[in-house]
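Peer 1: sequence and computational prediction follow.
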Amino acid sequence: MTQTITIYHNPKCGTSRNVLAMIRHAGIEPEVIEYLKTPPTRETLVQLIADMGIPVREVLRSNVPPYELLGLDRENLSDEALLDAMMAEPILINRPIVVSPLGTKLCRPSEIVLDLLPEDFPYPFTKEDGEVINQ
């Protein structure tokens, strides 16, 4: 069975690199979208968030300069305002987001991607930092 997997990836992010390596370790070459170079459309982002079943705010990164500059910590901001910010500043989109036939998830921590991969994942897997993942 051919698995079609897409990863919204930032090569500067260790978690994102680990998730991509885990997908490849499973023998799957995913479609890699470097979302800072090719941001998703608003419609795509809204669909990804809906498919993940999580609040818009959970996809928002808070540890980057635009978060504070745009005052995104205000709890009364609407989902539309948060989406506007993510469209204007894609660095605010948390990553990696992985789409597979088994679902769509924000893979933080990286082990979450295992829920989206075939059951015959070839354990063990060693992450960049040396942490070994077993079944």
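Peer 2: Noted; the coordinates are in hand.
Peer 1: looks to me like residue 21 is in a helix.
Peer 2: Yes: using DSSP: H, G, I helix; E, B strand; the rest coil, the assignment for residue 21 is a helix.
Peer 1: skipping adjacent residues, who's closest to residue 87 in space?
Peer 2: In space, and not counting its chain neighbours, residue 87 is closest to residue 42: 5.4 Å by C-beta to C-beta, 6 or more residues apart in numbering. Where C-beta positions appear, they are placed from N, C-alpha and C, glycine not excepted.
Peer 1: and the pLDDT for the one you found?
Peer 2: Per-residue confidence (pLDDT) for residue 42: 98.
Peer 1: and the nearest residue to residue 25 once chain neighbours are set aside, how far from residue 112?
Peer 2: Here the nearest residue to residue 25 in space, its sequence neighbours aside, is residue 125; by C-beta to C-beta, 6+ apart that works out to 5.3 Å. Relative to residue 112, residue 125 is positioned 14 Å away (C-beta to C-beta, to the nearest Å).
Peer 1: great, nothing more from me.
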